[in-house]
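**Student:** Task: produce atomic coordinates for the following.
(2 chains)
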Amino acid sequence: MKLMEAFRIAIKALNANKVRSALTMLGVIIGVAAVILLVSIGTGVQSQVTGQISGLGSNLLFAFPGSFEGGGGGGPGGGITKQFNTDDVEYVQRRIGAQGTVIPTLQAPAQLRVGNRTKGTTLGGTDQNGDASAGSLESGRWLTRGEVVGASRVAVIGSEVRDEFYPGQEPIGRKLDINGQPFKIIGMLAKKGGSLGGSQDNTVYIPITTAQTMLSTRDISAMLVKVADVDSIQVVKAQVERALQPRFGDQFTVFTQEQTLGILSTLLGTLTAMLAGLASISLLVGGIGIMNIMLVSVSERTREIGIRKAVGARTYDILSQFVIEAVMLSVIGGLMGILIGAGGALALQPWVPAEVTPWAVVLAFVFSAVVGVFFGVYPAYRASRLDPIEALRYE
Amino acid sequence: MTDAATRPQDSEAPDATSPACLDDAVLEARSVTKSYILDEIEVSALRGVDLQVCRGEMLAIMGPSGSGKSTLMHIVGLLDHPTSGTVTIDGVDVSNMDANQLAAVRNKRIGFVFQSFNLLARTTAQSNVELPLIYAGVSGSERARRAREALERVGLGNRLGHMPNQLSGGQQQRVAIARALVTEPSIVLADEPTGNLDSRSGVEVMAMLQELNAQGITVVVVTHDAHIARHAQRVAHVQDGRIVLNECVTDRIMADIEKITLDAEADTATAASNVSVNRGAAR
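**Tutor:** Model prediction:
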């Protein structure tokens, strides 16, 4: 019997049991699609977050209150006991001198309003040097030193805020209410896209002094240190640590961008692996589905095998028929799974950073094909070796 | 059939083996035994069977259920292996053949007709008949032509595209006969071919087998039914795993004539019932 003939028989058999074939394929489709989709999301988030952080430049130091090292002699739970304030910023700046610029940041949720439209956002208080962390401007300008010192009511907005209040219009010079107080828009940031934590374009930057006044505090959330010479970053880091030590003990943390990247990469890599693991379970279940259907199909069709053998089918003829059936099921299912998984990942991109990962596609496809063929071949092999009379007698 | 007078072979073959075929046996079984292990007890289905089927004859293998007649058919049809003994098809000993070689012999030289038809479900009559040709490596167009021819031969030329479940039992059995014929085998083995059919369809199937035999095809019918066996030229009686008697059928039933009688009876019956209905209505 020729191979073409075997293909014809297999297609006919799959066609004769459309619902069963479709259900078997569904297991593979879901498994493959889930692996590709979840790994895409994991990888996408990982590369986006690391991309953002490395985009900030390798000359940045981050100082946070609270110990991130765990129970290494710190307070119980390493919680935040004392916040940084404006004095600390000035003190650190004095200690490092011209080696770097200290930028205070203060983050808080806020309510925006224009006319009768409102929107919740993340408010970022910073100073004239704060654009180092905020990203590039699309139009207008950044905060000036004068505005920071004078606690002016001016705001640099993210693109999503513009889309909400002034869609398709130039927002510079327009009004915006933040927590009920009027502000003037002086600049707009370029679009950055989403991340798992929500949109990064839904932000408003205002002078840190203004933010402190609005929140009635002198505290800040964190300090950024822009180091003048990248090569001296470790020296500056040590100086910042020494400056903060007397007041905060070990209840603070200073990261270089490199360290931050390393920690986040490890964290997100683990997340991706976890997602892949979860998705693999569904792939395995899909594989077991194929095995189940193939076992049922072979025993259900033992009589057919008997008839075929009685009229002259050789072992090879029977085997190739079932192998081709199993391969077609898992390969077609695998291809559809790839389409759905990759398509889904692309469709999610406006909301979630998803990157279709070639290794996930290959892994999912190869796994489904191997499982399908193996579990399809084994029952067929057994059936093909039956005596024709045993197969014919099978009820 | 009913008395000992119809045993002309007895004097020549007192050991109740088959008659000699003048060196032209299609099928020959020698000292064939078959035993199974059933619940740790050895059961002998065949205890040394010698059988010769001559070219062109129509033979019935007859016996009660459990006599081993079906086992015998499966062994001479190469669907099952004997425990000991040899089977020869067209002069070739098949004892040492492997599964694939046996499949080739079945494909080329043997046609099967089963009690339960054994057609592939959801497959057209034509595709069912083409099945042996696929494994014989016959090309598509040639296959279709020969399948159509075979179906025409059994009177189903107008049912090529029908699925088995769209055909009556008798028609399904005729499709099975067409499938058995399509490879032009040396011998057709029919196992209780009328077992699942009403008497009218059964007669039609027997008529078909007799007609094929008249055209020169060797036919073996396995049956428990003495009436069916009398359609053959010769009957081999199987009992307790042995052939106990070979007899020539002197009062052979020709199914064609039987068909006419059956039709006449049916007509009378219909007429009678019509009369009674009329009477009932008149009353």
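**Student:** going forward, measure contacts and count neighbours with C-alpha atoms only.
**Tutor:** OK.
**Student:** Tell me which residue of the stretch 201-350 of chain A lies closest to chain B.
**Tutor:** A:G312 (4.1 Å; CA to the nearest CA).
**Student:** so that residue touches B:A136, yeah?
**Tutor:** Yes. Counting by CA atoms under 8 Å, A:G312 touches B:A136, with 7.5 Å between them.
**Student:** okay, and for the chain, where does confidence drop off?
**Tutor:** Just so you know, I chose chain A. Across chain A, the ranges flagged by pLDDT under 70 are A:1-2, A:55-57, A:68-81, A:132-134, A:193-199, A:395.
**Student:** Switch to chain B, please.
**Tutor:** B:1-23, B:274-283.
**Student:** for it, what spans make up the strands?
**Tutor:** Along chain B, the stretches classed as strands by DSSP state E are B:25-38, B:41-54, B:58-62, B:84-89, B:92-93, B:110-113, B:187-191, B:218-223, B:234-239, B:242-248.
**Student:** can these go into TSV with extra columns for mean neighbour count and distance to chain A?
**Tutor:** Shown next, in TSV, are the strands of chain B (neighbours: other CA atoms under 10 Å in any protein chain shown; distance: least, CA to the nearest CA, whole Å):
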stretch	mean neighbour count	distance to chain A
strand B:25-38	18	13
strand B:41-54	19	15
strand B:58-62	27	19
strand B:84-89	20	15
strand B:92-93	13	17
strand B:110-113	27	7
strand B:187-191	26	12
strand B:218-223	26	16
strand B:234-239	23	20
strand B:242-248	22	21
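**Student:** how about those strands, which one is nearest A:G27?
**Tutor:** Nearest to A:G27, of all those, is strand B:110-113, at 40.2 Å by CA to CA.
**Student:** thinking again about what came up before, okay if I get the strands of chain B as TSV plus distance to B:M254?
**Tutor:** TSV is the format used below for these (distance: least, CA to CA, whole Å):
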stretch	distance to B:M254
strand B:25-38	24
strand B:41-54	20
strand B:58-62	12
strand B:84-89	28
strand B:92-93	33
strand B:110-113	20
strand B:187-191	17
strand B:218-223	15
strand B:234-239	14
strand B:242-248	15
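**Student:** To B:T123, which of those strands lies closest?
**Tutor:** Per CA to CA, nearest to B:T123 of the strands of chain B: strand B:110-113, 17.4 Å.
**Student:** I'd like to know which elements the closest one is packed against.
**Tutor:** Under the contact criterion of 3 or more CA pairs under 8 Å, 6 or more residues apart in numbering or on different chains; DSSP states H and E, strand B:110-113 touches helix B:169-181, strand B:187-191.
**Student:** Contact partners for A:N292?
**Tutor:** By CA atoms under 8 Å, 6 or more residues apart in numbering or on different chains, A:N292 lies in contact with nothing.
**Student:** does it sit in a helix or strand, and which one?
**Tutor:** In this structure, A:N292 sits in helix A:257-300 according to DSSP states H and E.
**Student:** now the residue of the stretch 201-350 of chain A closest to chain B, what's its secondary structure?
**Tutor:** With DSSP: H, G, I helix; E, B strand; the rest coil as the basis, A:G312 sits in coil.
**Student:** how about the residues of the stretch 101-250 of chain B near chain A?
**Tutor:** With CA under 8 Å from any CA of the partner chain as the criterion, the stretch 101-250 of chain B meets chain A at residues B:103-108, B:111-112, B:118-120, B:122, B:131-132, B:134-137.
**Student:** Could I have the buried ones of the residues you listed as PyMOL selection syntax?
**Tutor:** Entered in PyMOL, the line below selects the buried ones among these, by 16 or more other CA atoms under 10 Å in any protein chain shown:
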select buried, chain B and resi 103+104+105+106+107+108+111+112+118+119+120+122+131+132+134+135+136
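**Student:** Tell me which of the residues of the stretch 101-250 of chain B next to chain A fall in helices.
**Tutor:** B:103-108, B:131-132, B:134-136 (DSSP state H).
**Student:** Do a quick rundown of the helices in chain A.
**Tutor:** A:3-16, A:18-55, A:86-96, A:131-134, A:145-149, A:159-165, A:208-215, A:233-248, A:257-300, A:302-310, A:315-348, A:358-384, A:388-393.
**Student:** and of these, who's closest to B:E204?
**Tutor:** So among the helices of chain A, helix A:302-310 is nearest, using CA to CA, at 23.7 Å.
**Student:** quick one, the closest one and helix A:358-384 angle?
**Tutor:** 70 degrees (axes from the mean of the first three to the mean of the last three CA atoms, to 10 degrees).
**Student:** helices or strands up against helix A:302-310?
**Tutor:** helix A:358-384, helix A:388-393, helix B:99-109.
**Student:** Just send those helices back as CSV, with distance to A:A155 too.
**Tutor:** CSV is the format used below for the helices and strands packed on helix A:302-310 (distance: least, CA to CA, whole Å):
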stretch, distance to A:A155
helix A:358-384, 43
helix A:388-393, 82
helix B:99-109, 85
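**Student:** And the ones you listed: which comes nearest A:T122?
**Tutor:** Short answer: helix A:358-384, nearest of the helices and strands packed on helix A:302-310 by CA to CA, at 35.2 Å.
**Student:** was I right about A:V227 contacting A:I103?
**Tutor:** No. Using CA under 8 Å, A:V227 is not in contact with A:I103; the gap is 10.9 Å.
**Student:** give me the number of residues near A:I36?
**Tutor:** 35 (other CA atoms under 10 Å in any protein chain shown).
**Student:** ditto for B:A232
**Tutor:** By other CA under 10 Å, neighbour count at B:A232 equals 27.
**Student:** Please apply the same query to A:T43.
**Tutor:** 22.
**Student:** A:G262 too?
**Tutor:** The burial count for A:G262: 13, using other CA under 10 Å.
**Student:** residue nearest the centroid of chain A?
**Tutor:** Centroid-nearest residue in chain A, with CA atoms, centre = their mean: A:V45, separated by 2.4 Å.
**Student:** and the gap between it and A:L275?
**Tutor:** A:V45 sits 12 Å away from A:L275, going by CA to CA, to the nearest Å.
**Student:** A:T203 now?
**Tutor:** From A:T203 to A:L275 the distance is 29 Å (CA to CA).
**Student:** And for B:D198?
**Tutor:** Counting by CA to CA, the gap from B:D198 to A:L275 is 64 Å.
**Student:** In terms of neighbours, single out the busier of the two.
**Tutor:** A:L275 (19 against 11).
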